[in-house]
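Peer 1: need coordinates for the below:
(one chain, ligands or ions: 2)
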Amino acid sequence: MFFHVILTGECNSQCRYCFGEAIDDFDEDSSGSDIDYCLPRKMGYDVDLLAKFCAHDPECVLTFYGGEPLLCVEEIKEIMDGVKAKGFMIQTNGLLLDRLEPKYVNRFHTILVSIDGDEELTDFYRGEGTFKKVIKNLRLIKSNGFMGELIARMTVMEQTDIHRQVTWLLSNDEFPFSSVHWQLNAGFWNDFARRDFKRWSQEDYNPGIRKLVKFWVDHMERSGTVLRLYPILGVAQSLLCGEKKSLLRCGGGWINYAIQTDGHIIICPTMWGIKDYYLGHARDANPLKLKRIFVGEPCTTCDLYGTCGGRCLYANITKRWNKEANALVCVTVRNLVEAVREEIPRIRALIETGKLSMENFEYLKYNGCEIIP
Ligand code: SF4
Ligand code: SF4
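Peer 2: Ligands and ions are numbered 1, 2, ... in the order given. Sure, this is the predicted structure:
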């Protein structure tokens, strides 16, 4: 099992699509849910309790999450010293990576660092100076011996040219990444009316994805290596394996849960405080016997459900975007799947001639990459 350990609700950034949206959404309805507004600002339960909880599952993987988890360096160290987990990962904005000693950083299996592309775009979304500070910290952890997987985690919306920004992250003089994941900022806020999502997704994002998939396979042909562009990689692997039915690919609600700062277990970090979806408490729950929750309509009757897996349980439950707006998001999913499907013969040819093998497409599932953006 995978668990996001939410160490704090606080963050040291004020990104447009998170802090900005939270302000614009402030007066709007939160779909009638019973929300717990009194959660502790920082982890308010004992590390021993987390150790006992994880002891039920020898395969337990913990991902530090926030707010910004590196605001809680002492708690991270205590957990890494005191909890026997199969592995540790972290999702961070990267601004404070220099605060955690290398002996801990170097134990992370994976670090997902928020970066949206080049300096101009990253600083536009995340605030001036963000890019330079994050890159400085990434160089530092590399020079201190971090050997795990470093994933550039992009949040993508109307200002993003997906093809240009992903290829920039892969190949630039500042800090080239070999793993990139992106998630669309779509369906998480009551913001559709103030967005230009329809035009952008149709005229910009969808064609950009097609170009990117082609680039990905061209690169395979040229170099004999598979770039870890997670949304494309995850879909391609399923199609190559002939997988019939994928469950929600982020794992939310069935293999990947989150533990709030008060110890309650929730479906995923975005369900923070929504009491209707509390699934127990780390004090007495067995990680292997947690209730499973799956997406409902429109996913369950969608012809793409087997491949898509449902995109996002939070969006599916809260329905913050209306039917028509959500349908536009589903068009992006269909476009991604079709673009990858069209390239499968070219990929198979590379496998059949021995230039690549199926192992090249393997990755650690539920590592924080939702696959379907
Ligand atoms: S494409 Fe849309 S409706 Fe279909 S399974 Fe995915 S998220 Fe659900
Ligand atoms: S995709 Fe949705 S359900 Fe899955 S982790 Fe992200 S917000 Fe949660």
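Peer 1: CA only for contacts and neighbour counts going forward, please
Peer 2: Fine.
Peer 1: from ligand 1, how far off is residue 126?
Peer 2: 27 Å (C-alpha to the nearest ligand atom, to the nearest Å).
Peer 1: meant to ask about residue 227, not that
Peer 2: With C-alpha to the nearest ligand atom as the criterion, residue 227 and ligand 1 are 24 Å apart.
Peer 1: that residue contacts residue 179, correct?
Peer 2: Yes. If you go by C-alpha atoms under 8 Å, residue 227 and residue 179 touch, sitting 6.9 Å apart.
Peer 1: where do the helices sit along the stretch 1-150 of the chain?
Peer 2: 21-24, 47-55, 73-82, 102-105, 119-126, 130-143 (DSSP state H, counting those that start in this stretch).
Peer 1: what's the mean pLDDT across the first one?
Peer 2: I take that to be helix 21-24. Taken as a whole, helix 21-24 carries a mean pLDDT of 69.
Peer 1: residue numbering should commence at 47 henceforth.
Peer 2: Will do, 47 is the new start, and the previous item becomes helix 67-70.
Peer 1: quick one on the thing from earlier: for the helices of the stretch 47-196 of the chain, which has the smallest mean pLDDT value?
Peer 2: Across these, the lowest-scoring stretch is helix 67-70, with a mean of 69.
Peer 1: outside of the strand of greatest length in the chain itself, list whatever touches it.
Peer 2: For the chain, the strand reaching the highest residue count under DSSP state E is reported as strand 195-202. Applying C-alpha atoms under 8 Å, 6 or more residues apart in numbering, the contact partners of strand 195-202 are 155-163, 208, 215, 223-231.
Peer 1: hmm, back to that, of all the helices of the stretch 47-196 of the chain, which lies closest to residue 345?
Peer 2: helix 67-70 (26.0 Å; C-alpha to C-alpha).
Peer 1: among the contacts of strand 195-202, which are in strands?
Peer 2: Per DSSP E, the contacts of strand 195-202 map to strands at 156, 157, 158, 159, 160, 225, 226, 227, 228, 229, 230.
Peer 1: what pLDDT does the closest residue to residue 407 other than its chain neighbours get?
Peer 2: Nearest residue to residue 407, sequence neighbours excluded (C-alpha to C-alpha, 6 or more residues apart in numbering): residue 283, at 5.9 Å. Residue 283 is assigned 98 on the pLDDT scale.
Peer 1: where does residue 283 fall, phi/psi-wise?
Peer 2: Backbone torsions of residue 283, given as degrees, to the nearest 10, read phi -60, psi -40.
Peer 1: what do you get for residue 303?
Peer 2: Backbone phi and psi, for residue 303 under degrees, to the nearest 10, turn out to be phi -120, psi -180.
Peer 1: near ligand 2, which residues of this structure show up?
Peer 2: Proximity of the chain to ligand 2 (C-alpha under 6 Å from any ligand atom) is limited to residues 296, 298, 314, 316, 357, 358, 359, 360, 416.
Peer 1: up against ligand 1, what does the stretch 247-396 of the chain have?
Peer 2: So far as C-alpha under 6 Å from any ligand atom goes, the stretch 247-396 of the chain lies against ligand 1 at 344, 345, 348, 350, 351, 354, 355, 356, 357, 376, 379.
Peer 1: run the last query once more with 8 Å
Peer 2: 341, 343-358, 362, 372-373, 375-377, 379-380 (C-alpha under 8 Å from any ligand atom).
Peer 1: what about burial for the residues you listed, which qualify?
Peer 2: Among those, the ones that count as buried by 16 or more other C-alpha atoms under 10 Å are 341, 345, 350-358, 362, 372, 375-376, 379-380.
Peer 1: where do the strands sit along this protein?
Peer 2: Using DSSP E, strands in the chain cover 48-52, 107-111, 133-138, 156-160, 195-202, 225-230, 274-275, 302-305, 311-312.
Peer 1: single out the most deeply packed of the ones you listed.
Peer 2: Of the strands of the chain, the one with the most neighbours on average (mean count of other C-alpha atoms under 10 Å) is strand 311-312, at a mean of 28.
Peer 1: report the mean confidence score over that one.
Peer 2: On average, strand 311-312 scores 97.
Peer 1: tell me the phi and psi of the residue of the chain found nearest ligand 2?
Peer 2: When scored by C-alpha to the nearest ligand atom, the chain has residue 358 as its residue closest to ligand 2, at 3.5 Å. Dihedral pair for residue 358: phi -150, psi 120, per degrees, to the nearest 10.
Peer 1: and it, what does it touch?
Peer 2: Residue 358 touches 294, 296, 298, 341, counting by C-alpha under 8 Å, 6+ apart.
Peer 1: next one: residue 169
Peer 2: Residue 169 neighbours (C-alpha under 8 Å, 6+ apart): 175, 176, 177.
Peer 1: least confident secondary structure element in the protein?
Peer 2: helix 67-70 (a mean of 69; mean pLDDT, DSSP states H and E).
Peer 1: strands paired with the longest strand of the chain, and their directions?
Peer 2: strand 156-160 (parallel), strand 225-230 (parallel) (DSSP bridges).
Peer 1: the contacts of residue 358 into TSV, with extra columns for pLDDT?
Peer 2: As requested, the contacts of residue 358 are exported to TSV (pLDDT from 0 to 100):
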residue	pLDDT
294	97
296	97
298	97
341	97
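Peer 1: quick one: buried residues of the helix of greatest length in the chain?
Peer 2: Longest helix in the chain by number of residues (criterion: DSSP state H): helix 369-398. Within helix 369-398, the residues that count as buried by 16+ other C-alpha under 10 Å are 371-372, 374-376, 378-383, 385-387, 389-390, 393-394, 396.
Peer 1: for the nearest residue to residue 304 once chain neighbours are set aside, give the beta-bridge partners.
Peer 2: With C-alpha to C-alpha, 6+ apart as the criterion, residue 304 has its nearest non-adjacent residue at 4.3 Å, and that residue is residue 50. Assessed by DSSP bridges, residue 50 has beta-bridge partners residue 109, residue 304.
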